[in-house]
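[1] Provided below for reference: sequence and predicted model.
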Amino acid sequence: MAAVVGSVAGLRTQKRVGFGSVEPAVLAVLKQLEPLVSVLMLAVCALAFRVPFSAAIGSAAVLTFVISGRIFGRTRRDEELHGESHATVLSRILIEWAAVVCVLLLAGFAFKITAQFSRAMMLTWFAATPVVLYAVHIARLRARWIISNSDLAPTYLIIGANSVGFELFRRLPRKGFLGFFDFRSIDRLPDSIDPAHLVGHCRDVAEFARTHGVTSIYIALPLSNVPRIGEMVRELRDTTASVYFVPDVFAFDLVQGRLVEINGMPAISVCDTPFHGMDAVMKRVTDIVLATAALLLLAPLMVLIALAVKATSPGPVLFRQRRYGLHGEEILIYKFRSMRVMEDGAVVTQATKSDTRVTPLGRILRSTSLDELPQLLNVLEGKMSVVGPRPHAVAHNEQYRKLINGYMIRHKVRPGITGWAQVNGLRGETETVEKMRERVRFDLDYLSHWSPWMDIKIICKTLWVIARDKNAY
């Protein structure tokens with residue numbers, strides 16, 4: 001009995017799914033070249049300037065490898081760069097490399113070892129490395145094209161002539177595609193599928209794979225076909241093809257859709273926050289650094305605004321209002337008082353053009369967004385982020401969550417001082433439900449496509465919008 005239990009336990013431990021890639025080895029190596037190239041460039045510059053190897057240079061090499069691996073090896077980096085112009089890619093590389101350099105400089109100043117490095121060598125390394133990294137990117141694109149359009153491309157079949165199968169076909173290289181298999185006849189196929197691409201019925205797929213030496217088979221059938229899929233997979237075990245199941249996740253409105261591992265079990269994230277693991281650490285550290293720097297830089301201006309608010313109208317300097325924060329929890333946000341009223345009840349009326357509640361000074365503060373500066377304190381408290389969906393009054397949340405599907409999903413991240421909706425023309429009053437729905441759409445788009453680069457883009461666009469936009473009053 002003990003032996004049987006032990007055997008069963010042994011079998012159970014094997015029910016574990018790992019996560020990996022199906023890309024060719026050449027591309028996998030090219031995707032990891034940036035950290036190595038960065039370190040090699042440091043070595044080349046050291047040799048060129050005849051700088052002897054030292055513990056300081058070794059430490060810089062190790063730190064460079066770790067930091068550049070994290071920045072250049074991010075999971076979604078290729079997706080973010082896909083289809084971008086060469087100028088955009090080069091600017092991205094420059095900014096990413098600048099981030100690596102900043103970390104190195106901070107570490108150097110913190111440990112007081114900057115004097116141990118040759119300035120000429122380091123400046124040359126800082127300037128030359130992004131050029132070489134750009135060349136690596138071009139080489140990667142070229143290698144991907146060669147592999148996808150040569151005899152090196154693996155042959156594959158798609159089982160399921162449906163929307164999921166067609167989407168998969170669109171994303172895979174054309175070279176090596178042998179056709180679709182389906183349980184249905186040609187006359188029952190969707191119009192998006194070329195009838196010439198249907199090469200057979202699912203019952204014949206195993207024989208076809210053996211005859212044609214198929215490398216990979218992708219099963220894109222609905223989950224309702226599980227019994228048939230199980231029978232087909234058993235037949236495909238008599239072939240040498242790799243078999244992949246592609247679920248129809250596009251049936252959902254995905255927010256941070258991705259595959260995750262839960263103690264060896266695969267799961268599909270349908271609605272999630274982008275801030276897990278090191279991404280959460282990166283976001284929080286960036287918030288603290290930006291908020292601290294902004295407070296130090298703007299402290300004199302904030303003192304002057306506080307004195308002006310106190311001198312021009314009766315009432316407190318700061319306006320505190322309850323809003324929803326991370327996970328929908330109530331938080332108190334701070335603003336310079338710009339109105340004669342302090343609304344925070346069951347009914348909160350949004351400011352409108354020529355609103356008599358707004359003070360003369362408040363009108364200037366609101367149009368320039370200077371009234372939002374105290375929210376930098378909210379960022380340091382951990383209640384807000386520099387970039388994220390703008391928080392609304394609790395009364396407005398309770399109103400719109402009943403009218404707009406997915407409204408509360410925006411609270412899966414910390415609210416921001418500025419956001420993706422605000423730099424896309426949705427700053428200020430939302431006088432209609434449709435306008436609020438459009439704002440929520442941008443907020444969810446931010447959650448779905450967040451990246452550090454996107455945050456930088458939003459911050460830069462915010463400065464431009466404040467200078468030109470007149471929607472805030």
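    On my side now, so go ahead. In this text the structure is predicted, and so the values were computed from the model without any measurement. Numbers count the residues shown, from 1 in each chain.
[2] when you work out contacts or count neighbours from here on, use the C-alpha atoms and nothing else.
    Fine.
[3] for residue 108, give its distance to residue 369.
    Using Cα to Cα, to the nearest Å, one gets 37 Å for the distance from residue 108 to residue 369.
[4] of the two, which one has the most company?
    Taking other Cα atoms under 10 Å, residue 108 and residue 369 do not tie; residue 369 has more neighbours (22 against 17).
[5] so for the helix or strand harbouring residue 297, what gets flagged as buried?
    Using DSSP states H and E, the element containing residue 297 is helix 277-312. Neighbour counts over helix 277-312 (16 or more other Cα atoms under 10 Å) mark 279, 283-284, 286-288, 290-292, 295, 302, 305-306, 309 as buried.
[6] residue contacts, the spatially most central residue of the chain?
    Central residue of the chain (Cα atoms, centre = their mean): residue 450, 3.2 Å from the mean position. Residues near residue 450 by Cα atoms under 8 Å, 6 or more residues apart in numbering: residue 274.
[7] can you map out the strands along the protein?
    Secondary structure of the chain (DSSP state E): strands at 156-159, 177-182, 198-201, 216-219, 242-245, 258-262, 265-269, 318-324, 330-336, 385-387, 416-418.
[8] quick one: closest of those to residue 251.
    strand 265-269 (12.6 Å; Cα to Cα).
[9] elements contacting that closest one?
    Contacts defined by 3 or more Cα pairs under 8 Å, 6 or more residues apart in numbering; DSSP states H and E place strand 265-269 against strand 258-262.
[10] partners of the strand it packs on in the sheet?
    Sheet pairing of strand 258-262 (DSSP bridges) gives strand 265-269 (antiparallel).
[11] check which residues of the partner strand are buried.
    Residues of strand 265-269 classed as buried by neighbour count (16+ other Cα under 10 Å): residue 269.
[12] cool, stretch 96-106 as well?
    Going by neighbour count (16+ other Cα under 10 Å), the buried part of stretch 96-106 is 96, 97, 100, 101, 104.
[13] got the contact list for the third one?
    Yep, that's residue 100 we're talking about. 64, 67, 68, 71.
[14] now, which of these lie within helices?
    The helices, defined by DSSP state H, take in 64, 67, 68, 71 from the contacts of residue 100.
[15] and those residues as TSV, adding distance to residue 80, neighbour count and pLDDT?
    Shown next, in TSV, are the ones in helices among the contacts of residue 100 (distance: Cα to Cα, whole Å; neighbours: other Cα atoms under 10 Å; pLDDT from 0 to 100):
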residue	distance to residue 80	neighbour count	pLDDT
64	23	21	91
67	19	18	89
68	17	24	88
71	13	17	83
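[16] re earlier: can I get the strands of the chain in a markdown table including distance to residue 456 and mean pLDDT?
    Converted to a markdown table, the strands of the chain look like this (distance: least, Cα to Cα, whole Å; pLDDT from 0 to 100):
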| stretch | distance to residue 456 | mean pLDDT |
| --- | --- | --- |
| strand 156-159 | 40 | 93 |
| strand 177-182 | 40 | 91 |
| strand 198-201 | 46 | 86 |
| strand 216-219 | 38 | 93 |
| strand 242-245 | 37 | 90 |
| strand 258-262 | 23 | 79 |
| strand 265-269 | 26 | 81 |
| strand 318-324 | 24 | 88 |
| strand 330-336 | 23 | 91 |
| strand 385-387 | 9 | 95 |
| strand 416-418 | 11 | 93 |
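[17] quick check: buried residues in stretch 172-186?
    Result for stretch 172-186 [16+ other Cα under 10 Å]: buried residues 173, 175, 176, 177, 178, 179, 180, 181, 182, 183, 186.
[18] which of the strands of the chain sits closest to residue 146?
    strand 177-182 (15.9 Å).
[19] partner strands of that closest one and their direction?
    strand 156-159 (parallel), strand 198-201 (parallel).
[20] export the ones you listed to JSON lines and tack on distance to residue 390 and mean neighbour count?
    Listed next are the strands paired with strand 177-182 as JSON lines, based on distance: least, Cα to Cα, whole Å; neighbours: other Cα atoms under 10 Å:
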{"stretch": "strand 156-159", "distance to residue 390": "43", "mean neighbour count": "26"}
{"stretch": "strand 198-201", "distance to residue 390": "49", "mean neighbour count": "18"}
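[21] quick one: which of these is nearest residue 319?
    Of all the strands paired with strand 177-182, strand 156-159 sits nearest to residue 319, with 59.6 Å by Cα to Cα.
[22] residues in contact with the closest one?
    So strand 156-159 is contacted by 165, 169, 176-182, 202, 214-221 (Cα under 8 Å, 6+ apart).
[23] between the strands paired with strand 177-182, which one is nearest to residue 141?
    strand 156-159 (21.9 Å).
[24] what about the helices in the stretch 101-250 of the chain?
    119-148, 163-171, 205-212, 226-236 (DSSP state H, counting those that start in this stretch).
[25] how about those in TSV, adding mean pLDDT, distance to residue 88 and mean neighbour count?
    Shown next, in TSV, are those (pLDDT from 0 to 100; distance: least, Cα to Cα, whole Å; neighbours: other Cα atoms under 10 Å):
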stretch	mean pLDDT	distance to residue 88	mean neighbour count
helix 119-148	87	11	16
helix 163-171	87	23	16
helix 205-212	92	43	16
helix 226-236	88	44	14
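[26] check contacts around the nearest residue to residue 295 once chain neighbours are set aside.
    Distances taken as Cα to Cα, 6 or more residues apart in numbering place residue 376 nearest to residue 295, at 7.0 Å, with adjacent residues excluded. If you count contacts by Cα under 8 Å, 6+ apart, residue 376 has them with 291, 292, 294, 295, 386, 417.
[27] quick check: of those, which lies closest to residue 464?
    Nearest member of those to residue 464, counting by Cα to Cα, is residue 417, at 15.1 Å.
[28] that closest one and residue 334, how far apart?
    According to Cα to Cα, residue 417 and residue 334 sit 11 Å apart.
[29] more crowded one of the two?
    Using other Cα under 10 Å, the more surrounded residue of residue 417 and residue 334 is residue 417, with 23 against 20.
[30] that one touches residue 384, doesn't it?
    Yes - between residue 417 and residue 384 a contact is recorded at 7.4 Å, counting by Cα atoms under 8 Å.
[31] got any residues that touch both of those two?
    residue 375.
[32] domain boundaries for this structure, per the record?
    Using automatic domain parsing, the domain ranges for the chain come out as 25-148, 156-251, 277-341+350-468.
[33] adding distance to residue 261, write those out as CSV.
    Below are the domains of the chain laid out as CSV (distance: least, Cα to Cα, whole Å):
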stretch, distance to residue 261
domain 25-148, 15
domain 156-251, 16
domain 277-341+350-468, 13
